[in-house]
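Student: 3D model of this:
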Amino acid sequence: MGYDIKKSLSEWIEQALQEYGLVIACLIIGMLIGWYGKLLFADRKYNKQIQKRFDEKDERIAQLNFIVHEKLNKITVPQADKDFFRRVKRFFKKFASKK
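Tutor: Numbers count the residues shown, from 1 in each chain. The predicted model follows:
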């Protein structure tokens, strides 16, 4: 990707110098560099922030599932409710992850 940008930028520079002259070519080159720099460094749709929040929430959910799984291991259940409790315990065990 970096090579493609560099190649296309050098082609635009050569074309601008041939067609417009030095002053106008520098103006166009500056505008192009500024435009692509803004696109490179600006996150207009906040994708990075949104992804970071999703990752934090997933981590928090995993921690809570691990806490619930630890608490469920300490509970004793009468024989009549063992099957249901075993299913609930398996559900939280599946999502629990140690850090």
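
Student: show me what stretch 16-28 is in contact with.
Tutor: Contacts of stretch 16-28 with the rest of the structure, by Cβ atoms under 8 Å, 6 or more residues apart in numbering, involve 12-13, 29. Where C-beta positions appear, they are placed from N, C-alpha and C, glycine not excepted.

Student: in that stretch, what counts as buried?
Tutor: Residues 16, 25, 28 are the ones in stretch 16-28 that count as buried (16 or more other Cβ atoms under 10 Å).

Student: lowest-confidence entry in the contacts of stretch 16-28?
Tutor: Ranked by pLDDT, the contacts of stretch 16-28 bottom out at Ile13, which has 81.

Student: residues in contact with that residue?
Tutor: By Cβ under 8 Å, 6+ apart, the residues touching Ile13 are 25, 29.

Student: secondary structure element holding it?
Tutor: Assigned by DSSP states H and E, Ile13 falls within helix 2-20.

Student: now do the helix or strand just after that helix: distance to the chain's middle.
Tutor: Counting by DSSP H and E, the next helix or strand C-terminal to helix 2-20 is helix 22-41. How far helix 22-41 lies from its chain's middle: 28 Å, per Cα atoms, centre = their mean, to the nearest Å.

Student: how far away is Tyr20 from Ile28?
Tutor: Distance, Tyr20 to Ile28, by Cβ to Cβ, to the nearest Å: 7 Å.

Student: repeat that for Lys52.
Tutor: From Lys52 to Ile28 the distance is 36 Å (Cβ to Cβ).

Student: check contacts around Leu9.
Tutor: So Leu9 contacts 32-33, 36 (Cβ under 8 Å, 6+ apart).

Student: go again using 10 Å as the cut-off
Tutor: Listed by Cβ atoms under 10 Å, 6 or more residues apart in numbering, the contact set of Leu9 reads 29, 32-33, 36.
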